[in-house]
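1. here you go, sequence then predicted model.
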Amino acid sequence: MISIDKSSQGKTIKAQKGDVIQVQLSENPTTGYLWKIKSIDTQHLKYKEEKFEISGDAIGASGMKTIFIEVIHEGTSELNIGLGNPWEEDTVERFGVRIESE
């Protein structure tokens, strides 16, 4: 498994076919802003699942959104994720990486 986070923004990630990429981004769902995949190259990458783990016991606490992406084919692809309200197209923050797989 390849783990990446906000520090990987704009970078190129090296992977192999069959690798699972774990993207971890801080999120606070009580604000209405959620991380969602904006674009994924489905010829090379496959969305597997996502989960949210709260960071504390306080009501409205933030936590970590984890999105799992599998590399299904060799090549170069882009993954773009945006933070925004689910009912709007606009995003307040973006996360993107290039994935090169062999």
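-> Alright, I've got the coordinates.
2. ok, which stretches of the chain are strands?
-> 2-5, 12-15, 20-27, 34-40, 45-54, 63-71, 75-84, 93-101 (DSSP state E).
3. buried residues in the last one?
-> When burial is assessed from 16 or more other C-beta atoms under 10 Å, strand 93-101 yields the following buried residues: 95, 97, 99, 101. C-beta: built from backbone N, CA, C; applies to glycine.
4. would you mind putting the residues you listed into TSV with distance to Ile2 alongside?
-> TSV is the format used below for those (distance: C-beta to C-beta, whole Å):
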residue	distance to Ile2
Phe95	15
Val97	10
Ile99	9
Ser101	10
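5. out of these, which one has the weakest pLDDT?
-> On pLDDT alone, Ser101 ranks lowest of those, at 95.
6. was I right to think that one contacts Ala15?
-> Yes. Between Ser101 and Ala15 there is a contact under C-beta atoms under 8 Å: 4.5 Å.
7. pull up the overlap in contacts between the two.
-> Listed as contacting both Ser101 and Ala15 by C-beta atoms under 8 Å, 6 or more residues apart in numbering are Val71.
8. distance check, Asp5 against Asn85.
-> Applying C-beta to C-beta, to the nearest Å, the value for Asp5 to Asn85 is 23 Å.
9. what of Ser7?
-> Counting by C-beta to C-beta, the separation of Ser7 from Asn85 is 25 Å.
10. quick one: which of those two has more around it?
-> In this view Ser7 and Asn85 are compared by other C-beta atoms under 10 Å, and Asn85 has more residues nearby, 14 against 6.
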